[in-house]
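[1] Generate coordinates for the sequence data below:
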Amino acid sequence: MIELGRFFKSPKDDATEETLRALHTQNVLDTYYEKGWGWVRTAIFTICGILGASIYEIQTETSIWENTVQWFWNKLADFGNWLVGD
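    Model prediction:
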């Protein structure tokens, strides 16, 4: 007796099921690859960003964090002054 697949019930359709099974397997592998490579890229770019910010801070002797907080505080104060009408 010929072993047929779950989806197709004739010997002719068995090849189609094998094709679908192979496509599904390839799709699963592609998904694992894309997710894995995505995390690797995220880690690489995060480390590069951290190192780049550290190099910038060392060379210019300024703090990106302090400058960002100061910029936000000034924008908030300007908004408050705009609301009050100064």
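
[2] list the helices and strands the helix or strand of the chain with the lowest mean pLDDT packs on?
    Ranked by mean pLDDT, DSSP states H and E, the helix or strand of the chain with the weakest confidence is helix 11-60, at a mean of 86. On a contact count with 3 or more Cβ pairs under 8 Å, 6 or more residues apart in numbering; DSSP states H and E, helix 11-60 meets helix 64-84. Yep, even glycine has a C-beta here, placed from its N, CA and C like the rest.

[3] so how far is the helix it packs on from its chain's centroid?
    Remark: helix 64-84 is offset 31 Å from the chain centroid, using Cα atoms, centre = their mean, to the nearest Å.

[4] Quick check: buried residues in it?
    Buried residues in helix 64-84, defined by neighbour count with 16 or more other Cβ atoms under 10 Å: none.

[5] now what about that helix, what contacts it?
    Residues from elsewhere that reach helix 64-84 (Cβ atoms under 8 Å, 6 or more residues apart in numbering): 53, 56-57.

[6] Most neighbours among those, please name it.
    residue 57 (15 neighbours; other Cβ atoms under 10 Å).

[7] so who does that residue touch?
    Contacts of residue 57 by Cβ under 8 Å, 6+ apart are 63-64.
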